[in-house]
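# task: produce atomic coordinates for the following.
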Amino acid sequence: MHKKPITINKYFRTWFVVLSLLARPIHEFGHWIVYKIYGIDVYFTLNQVVPKDFSSFKLLGEAGGPLINVFLVLVGFWIIGRTRFKELGAALIVTNSLSRLVPYIIIALTNSWKRNDEGIIALVLNLNLYTFYIIFGCFFVLSIIICFRANFQGAKKPIIKQLFHMFIIFTFILLILDIPQNIFFEHYNFDLDEIIRYMQGK
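Just a heads-up that it's a prediction; the model follows:
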């Protein structure tokens with residue numbers, strides 16, 4: 001694992017912006033991959049992947065989004081540890097971590113814990129609603145801390161300030177992406193309680 005501080009330079013910033021713009025589609029792509037493996041046709045939008053037949057929801061299909069974010073964080077660590085493209089690796093870690101952490105904050109503010117991937121997975125498995133929010137949340141927070149741990153060992157204030165700026169920029173980009181979603185894509189509504197009961201019966 002790297003011991004030198006990650007350089008927040010133009011290469012990192014470029015990768016960060018590009019990957020932030022792709023964050024939502026990447027997350028949904030994780031859902032799509034699993035449903036594709038199952039051979040299930042889905043509606044794919046910028047922030048939603050829904051089976052065309054609502055009776056075809058799968059537990060792993062719902063887990064595919066968060067899991068691809070976890071996978072790409074691990075890829076980011078591999079890039080940092082094994083290649084010279086440290087900035088790309090760090091940007092992968094930050095954007096894929098924020099891809100879940102920022103929605104968690106929005107979910108908390110809107111009290112919509114039940115309607116997101118982590119909440120649905122917990123309900124299907126009859127676990128506490130917050131189980132996977134806590135597990136994934138800790139993983140993503142720790143990933144960012146580990147990625148920049150060498151930066152923290154130096155001057156702490158600059159890296160905290162930079163991470164705060166990343167959080168604000170990522171949140172802004174996430175909200176901006178709602179515009180094309182609302183203009184060009186339909187939002188697919190379904191009876192969540194019925195879907196959960198169906199998945200529990202499989």
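
# so which bits of stretch 21-35 are buried?
Going by neighbour count (16 or more other C-beta atoms under 10 Å), the buried part of stretch 21-35 is 21, 23-24, 26-35. The C-beta positions use only the backbone N, C-alpha and C, and glycine is treated the same way.

# hey, where'd the helices end up in the chain?
10-21, 23-38, 59-82, 86-110, 117-124, 131-147, 149-153, 156-176, 178-184, 192-200 (DSSP state H).

# looking at those helices, which has the lowest confidence?
Mean pLDDT values for the helices of the chain show the minimum at helix 149-153, a mean of 87.

# that one - contacts with which helices or strands?
Under the contact criterion of 3 or more C-beta pairs under 8 Å, 6 or more residues apart in numbering; DSSP states H and E, helix 149-153 touches helix 156-176.

# tell me which strands and helices the helix it packs on is in contact with?
helix 10-21, helix 23-38, helix 86-110, helix 149-153.

# measure Lys58 to Val124 for me?
10 Å (C-beta to C-beta, to the nearest Å).

# and for those two, which residues touch both?
Met199 (C-beta atoms under 8 Å, 6 or more residues apart in numbering).

# before we move on, the earlier item: could I get the helices of the chain as CSV with distance to Gln48?
As requested, those are arranged in CSV below (distance: least, C-beta to C-beta, whole Å):
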stretch, distance to Gln48
helix 10-21, 17
helix 23-38, 7
helix 59-82, 10
helix 86-110, 13
helix 117-124, 11
helix 131-147, 19
helix 149-153, 35
helix 156-176, 14
helix 178-184, 8
helix 192-200, 13
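
# nearest approach to Phe132 belongs to which of the helices and strands packed on helix 156-176?
helix 86-110 (10.0 Å; C-beta to C-beta).
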